[in-house]
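Visitor: Let's see this in three dimensions:
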Amino acid sequence: MAPRSSPAIGGGGGGRVAVDLYPFLRVYEGGHIERLVRSTAAVAASHDDGTATSAAVRPATRDGVATRDVVVDEDTGASARLFLPGGGGEGRRLPLVLYFHGGAFVTGSAFGRLFHRYAASLAARAGALVVSVEYRLAPEHPLPAAFADGWAALRWAASLADPWVARYADPTRLFLAGESAGATIAHNVAARAAGPDGDDVDIEGVALLQPCFWGARWLPSEEAAAAGWRDDEPPMLAPGRLDALWPYVTGGAAGNDDPRIDPPAEDVSSLPCRRALVAVAEKDVLSERGRRYAAQLRGGGREVTLVESEGEDHCFHLYRPARPSAVELMDRVAQFISPASSCLQAEELHLHGRHRTLCHGNATAAAATRSGAPRRQLVVSGGPTTAKLGRPKTKVCGGPACKAQTALCLGPRGMGKAQRHGFVGMGGPMPSGTNKYSVSSAALRVLC
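Guide: So this is what the prediction gives:
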């Protein structure tokens, strides 16, 4: 079924399902499109426009992070939420991070609880001023609307016109970050900065977590995933549904060979950034493309860190941020953004009975395991040092040509099926009833 240029979007549509794009959209006969993600009320910002220029910024979250909403493009209404860590830098300027939330280009909000929580944690852990962009969503606003909003946010941030950005941010330490579709937006915004429009934009790095890249031809791991998943326990993202999603994201204007979602190697290798972090999850259908993207970046001479979380699926760090694997990933992202301050002051973290001391940068990393609990591994390529972390052995090195990998012991593997596969969007896991779906036989032939 071809996507419509002006789709009717809403809740349950009734009638027969023509195309099932779980966990994001369901298209009914007649053209009605249902968003499957359960949303929650937006989280209020701690400051309004009346306090925007106040010298005293009062933190208002449990992370000590102050927040404020701004408009980044008056013409389109694109907006963003600013996250300023407690102390406002205390005399030093902070890295500036443009963060784009995930949601397959069709769901999610910078103001919703899920992504508000992540951006606040990122600001607190990395000691950075985070600009979480509220971009327009498809299918009401097909691409390139989200890319245009991302570019507008970059131009807005680089202009230093906002009082918080002008007062607290270091424009020479500018990062683009995001997960899933947000990572794809970050890539496309960075790629545009390589052209004449970006001559005055200086990007220090990009941090792409489980980026949503795809293509007209499946890779071997994607073919295996399509052939091997069971109806009673599907993966977070199914290859057939990813194939069918892109036309709805682009309003029918592009297929899966679109270079915006399947970027050529020469475009990747020429991104205008000095450093990059790419994170993939072992069970994620998109993981092989993430690894390939990291290799292409490294081939262009970039300093690249590849982080692999074993036993995890797509965007796991959003659903259970207190899980050891999610904490480890946040540590790596914070270290990437603020290497000088991410030694954690030899901080002792107690995660599921495991005592661990981490010191990144040019220092050493050490850990002692005090628990016999099952472990999940975080594999890192391109880190700064060499050390042993109990079991297994760890080897990390720096520089764009680094081939070594690191394994950091992580916590228990247990996770319920609803948490593994229920896309939480702006709220919690979807009700169990919404995990069921019925697709016409014709649609099944397309999607499976």
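
Visitor: Show me the shaky parts of the stretch 201-350 of the chain.
Guide: Where the stretch 201-350 of the chain drops to pLDDT under 70, the residues are 228-236, 340-350.

Visitor: would you list every one of the strands in it?
Guide: In the stretch 201-350 of the chain, the strands defined using DSSP state E, counting those that start in this stretch lie at 203-209, 273-281, 303-309, 348-351.

Visitor: how about the second one: buried residues?
Guide: Within strand 273-281, the residues that count as buried by 16 or more other Cβ atoms under 10 Å are 273, 275-281. Where you see a C-beta, it was placed from the backbone N, CA and C, and this is true even at glycine.

Visitor: Identify the residues contacting it?
Guide: 176, 190, 203-211, 286-287, 290-291, 293-294, 297, 302-309, 312-316, 329, 332-333, 336 (Cβ atoms under 8 Å, 6 or more residues apart in numbering).

Visitor: Is it possible to mark the buried ones in those?
Guide: If you count burial by 16+ other Cβ under 10 Å, the buried members of the contacts of strand 273-281 come out as 176, 190, 203-211, 286-287, 290-291, 293-294, 297, 302-309, 312-316, 329, 332-333, 336.

Visitor: quick one, what contacts the closest residue to residue 260 other than its chain neighbours?
Guide: Among residues not flanking residue 260 along the chain, residue 188 sits closest, at 5.6 Å (Cβ to Cβ, 6 or more residues apart in numbering). For residue 188, the contact set (Cβ under 8 Å, 6+ apart) comprises 147, 150, 260.

Visitor: ok, 10 Å please
Guide: 100, 143-144, 146-148, 150-151, 176, 259-261, 263, 267 (Cβ atoms under 10 Å, 6 or more residues apart in numbering).

Visitor: now those residues as TSV including distance to residue 64?
Guide: Formatted as TSV, the contacts of residue 188 follow (distance: Cβ to Cβ, whole Å):
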residue	distance to residue 64
100	24
143	36
144	37
146	31
147	33
148	34
150	28
151	31
176	25
259	42
260	37
261	37
263	38
267	39
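
Visitor: Quick check: PyMOL command selecting the buried ones in these.
Guide: In PyMOL, this line selects whichever of the contacts of residue 188 come out buried by 16+ other Cβ under 10 Å:
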select buried, resi 100+143+144+146+147+148+150+151+176+260+261+263+267
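
Visitor: Do a quick rundown of the helices in the chain.
Guide: For the chain, helices defined by DSSP state H occupy the ranges 113-126, 145-159, 163-168, 181-193, 220-228, 239-249, 265-269, 287-299, 316-319, 324-337, 417-421, 441-447.

Visitor: Select, out of these, the one closest to residue 139.
Guide: Nearest to residue 139 among the helices of the chain is helix 239-249 (5.0 Å), distances taken as Cβ to Cβ.

Visitor: and residue 129, what does it touch?
Guide: Residue 129 touches 82-85, 88-89, 93-97, 123, 157, 162, 164-165, 167-170, 173, counting by Cβ under 10 Å, 6+ apart.

Visitor: Would you mind listing which of the residues you listed are buried?
Guide: 82-85, 88-89, 94-97, 123, 157, 162, 164-165, 167-169, 173.

Visitor: I'd like the strands of the stretch 201-350 of the chain written out as a markdown table, with distance to residue 76 added.
Guide: Formatted as a markdown table, the strands of the stretch 201-350 of the chain follow (distance: least, Cβ to Cβ, whole Å):
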| stretch | distance to residue 76 |
| --- | --- |
| strand 203-209 | 22 |
| strand 273-281 | 26 |
| strand 303-309 | 33 |
| strand 348-351 | 42 |
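
Visitor: The ones you listed: which one's closest to residue 42?
Guide: Short answer: strand 203-209, nearest of these by Cβ to Cβ, at 22.8 Å.

Visitor: Next, the angle from that closest one to helix 113-126.
Guide: Counting by axes from the mean of the first three to the mean of the last three Cα atoms, to 10 degrees, strand 203-209 lies at 130 degrees to helix 113-126.

Visitor: how much does strand 203-209 deviate in direction from helix 145-159?
Guide: 140 degrees.

Visitor: Neighbouring strands of strand 203-209 in the sheet, and parallel or not?
Guide: Strand pairing for strand 203-209, using DSSP bridges, gives strand 169-179 (parallel), strand 273-281 (parallel).

Visitor: Find the residue ranges of the stretch 1-150 of the chain scoring beneath the pLDDT cut-off.
Guide: 1-14, 38-41, 49-62, 88-90.

Visitor: out of the strands of the stretch 201-350 of the chain, which comes closest to residue 225?
Guide: Per Cβ to Cβ, nearest to residue 225 of those: strand 273-281, 12.8 Å.

Visitor: Could the C-alpha coordinates of that closest one be exported in CSV?
Guide: The C-alpha coordinates for strand 273-281 follow below in CSV (Å, rounded to 0.1, in the frame of the first residue of the first chain):
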residue,chain,number,x,y,z
CYS,A,273,34.3,16.0,12.6
ARG,A,274,37.5,15.0,14.4
ARG,A,275,36.1,12.2,16.5
ALA,A,276,33.2,9.7,16.5
LEU,A,277,31.6,7.2,18.8
VAL,A,278,29.3,4.5,17.3
ALA,A,279,27.4,2.2,19.7
VAL,A,280,25.7,-1.0,18.6
ALA,A,281,23.8,-3.7,20.4
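
Visitor: angle of that strand against strand 303-309?
Guide: Put simply, strand 273-281 runs at 10 degrees to strand 303-309, going by the same axes, to 10 degrees.

Visitor: Strand 273-281 vs helix 181-193, what angle?
Guide: In terms of direction (the same axes, to 10 degrees), strand 273-281 departs from helix 181-193 by 160 degrees.
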